[in-house]
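Engineer: Can you look at this prediction? I've put the sequence above it.
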Amino acid sequence: MKNTILFIAFIGLVLSTNAQDTIASGVCGDNGDNITWVLTNDSVLTISGSGAMADQSYDYEFEYFIYIDQIKTVVIDSGITTIGYGSFELCTNLIFVNIPNSVTNIKENAFAYCIKLTSVIIPNSVDTIGKCAFVFCASLTSMVIPNLVTTIEYGTFGSCHNLASVNIPKSVITIGEAAFAYCRSLPSITIPESVATIGIEAFSDCSNLISVIIPDSVTTIGNGAFWDCRSLKFLSIGRKVTRIEDNAFRGCFSLDTIVCKAVVPPVIYPNTFLNVPNFIPVYIPCHTLLTYYQKSAWGDYFINLIEDCTDINETVQTKKISVFPNPAQSQFTVKNTENADIQLFNTLGQEVFHTYSQEESTVVEVGSLPQGVYMLKVLREDGSFSVRKVVKQ
């Protein structure tokens, strides 16, 4: 009898303690009470049930938002399939989220402005992450995007200032507008071969980005895609890129090397490379120099277009030339011309000067030539060559 009384007293104490632990509870399901929420005094918000969470709106707000400052951990139980629009938006003290592999859809603004959120693992069951889902999650340091996601939407990870590592899967076809804008701790990004489009301002102001390799699958680089990536030094542009929109690399003033693998010069605009030094080497495919000068704006901006024929001739550019003065008025001198053919072409591809030199330096007379841009090519006996743009004033 005594033991029975003690057991009943213990159960009563447990029930009393659990009752005290619960701060508040309610429903948050898309169909009403199909999903419930419970907030306990350890700052844990637990979401339970099955199906989709409801969407927040101007007319409807979850009751747990009354306690928004107290929420530090969110536990979503298995059975939940959709995290609704704005479900945890502005939970500014939220640190950790557990998302089960029953979830397939994380809707727009789901975790927007969760500025203290440091850890979130998105399961591979998720195939859709909505616009601005994690925007301004400024404490996130890494993100692995599930391999069913095909589009990284507008602003999904924008302004995640401490995001230093991102894994983009091969399922992704489109990186949307401002998807990673202002991710200022991101030192590099691997864009998979599946991606066809890089959207407007997708990586703008990623000020710590050092190297970008655009894969051959990409056809379009959007307006301002890498605008103001101030630390960017190396850029490789894939073979299938046809258009690089205005401002795409504007303000990337640290760029010191560009490799463009496209045989047909991608369309560029007046501000595509604004503030990028125009004298840096730009390597283009073999036998395309005249095309880049005659049929594109590349030669109007960059003065150091260099044909890269390393795939065809491994001895290419074994000895570099120097040209001075450049611009020139009546003549210019070319150094490192020993045992080499020297040719000068106008922008129509017409040869206007040709000589064979056995000297270390060669003077080229251009006084009778019209003002404009010319291409100088020095071809050596060993098959190596050098190319420079020369301006006649």
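Structural biologist: Arrived safely, thanks for sending.
Engineer: in the protein, what spans have low per-residue confidence?
Structural biologist: Within the chain, the stretches with pLDDT under 70 are 1-20, 310-319, 347-349, 383.
Engineer: ok, now with 50
Structural biologist: Low-confidence segments of the chain (pLDDT under 50): 1-20, 311-318.
Engineer: Which stretches in the stretch 151-300 of the chain count as strands?
Structural biologist: Taking DSSP state E, counting those that start in this stretch to define them, one finds strands in the stretch 151-300 of the chain at 151-152, 165-167, 174-175, 188-190, 197-198, 211-213, 220-221, 234-237, 243-244, 257-260, 282-285.
Engineer: Would you mind giving these as CSV with distance to D33 added?
Structural biologist: Backbone N, C-alpha and C define where each C-beta goes, glycine included. Compiled in CSV, the strands of the stretch 151-300 of the chain are given as follows (distance: least, C-beta to C-beta, whole Å):
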stretch, distance to D33
strand 151-152, 33
strand 165-167, 38
strand 174-175, 37
strand 188-190, 43
strand 197-198, 42
strand 211-213, 49
strand 220-221, 47
strand 234-237, 54
strand 243-244, 51
strand 257-260, 59
strand 282-285, 63
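Engineer: Mind putting the ones you listed into JSON lines with mean neighbour count and distance to V323?
Structural biologist: Converted to JSON lines, the strands of the stretch 151-300 of the chain look like this (neighbours: other C-beta atoms under 10 Å; distance: least, C-beta to C-beta, whole Å):
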{"stretch": "strand 151-152", "mean neighbour count": "22", "distance to V323": "45"}
{"stretch": "strand 165-167", "mean neighbour count": "15", "distance to V323": "43"}
{"stretch": "strand 174-175", "mean neighbour count": "22", "distance to V323": "40"}
{"stretch": "strand 188-190", "mean neighbour count": "15", "distance to V323": "35"}
{"stretch": "strand 197-198", "mean neighbour count": "22", "distance to V323": "36"}
{"stretch": "strand 211-213", "mean neighbour count": "18", "distance to V323": "29"}
{"stretch": "strand 220-221", "mean neighbour count": "23", "distance to V323": "31"}
{"stretch": "strand 234-237", "mean neighbour count": "19", "distance to V323": "25"}
{"stretch": "strand 243-244", "mean neighbour count": "20", "distance to V323": "28"}
{"stretch": "strand 257-260", "mean neighbour count": "20", "distance to V323": "20"}
{"stretch": "strand 282-285", "mean neighbour count": "22", "distance to V323": "16"}
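Engineer: Relative to G372, which of those strands is closest?
Structural biologist: G372 lies closest to strand 282-285 among those, at 19.7 Å (C-beta to C-beta).
Engineer: Next, the buried residues of stretch 356-376.
Structural biologist: For stretch 356-376, the buried set under the neighbour-count rule, 16 or more other C-beta atoms under 10 Å, comprises S357, T362, V364, V366, L369, Y374, M375, L376.
Engineer: Put the alpha carbons of that stretch into CSV.
Structural biologist: Extracted C-alpha coordinates of stretch 356-376, given in CSV (Å, rounded to 0.1, in the frame of the first residue of the first chain):
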residue,chain,number,x,y,z
TYR,A,356,61.1,37.7,-90.8
SER,A,357,63.5,38.7,-88.0
GLN,A,358,66.7,37.2,-86.8
GLU,A,359,67.2,39.9,-84.3
GLU,A,360,66.4,40.1,-80.6
SER,A,361,64.4,43.4,-81.2
THR,A,362,62.5,44.5,-84.3
VAL,A,363,61.2,47.9,-85.2
VAL,A,364,57.8,48.0,-87.0
GLU,A,365,57.0,51.1,-89.0
VAL,A,366,53.4,52.2,-88.8
GLY,A,367,53.5,55.9,-89.7
SER,A,368,51.6,55.3,-93.0
LEU,A,369,48.9,53.2,-91.4
PRO,A,370,45.5,54.7,-90.4
GLN,A,371,44.8,55.2,-86.7
GLY,A,372,43.1,52.3,-85.0
VAL,A,373,43.6,48.9,-83.4
TYR,A,374,46.0,46.2,-84.9
MET,A,375,46.9,42.7,-84.0
LEU,A,376,50.6,41.8,-83.7
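Engineer: Which residues does it contact?
Structural biologist: 289-290, 293, 299, 321, 323, 328-347, 352-353, 355, 387-393 (C-beta atoms under 8 Å, 6 or more residues apart in numbering).
Engineer: for stretch 233-245, same thing?
Structural biologist: Contacts of stretch 233-245 with the rest of the structure, by C-beta under 8 Å, 6+ apart, involve 200, 210-225, 249, 252, 254-264, 266-269, 272.
Engineer: got the end-to-end distance for that stretch?
Structural biologist: 20 Å (C-alpha to C-alpha, to the nearest Å).
Engineer: and it, how far from the chain's centre?
Structural biologist: Distance of stretch 233-245 from the chain centroid (C-alpha atoms, centre = their mean, to the nearest Å) equals 13 Å.
Engineer: Now the element after the helix or strand encompassing T355, going C-ward?
Structural biologist: Per DSSP states H and E: T355 is located in strand 351-357. As assigned by DSSP H and E, the chain's next helix or strand after strand 351-357 is strand 361-365.
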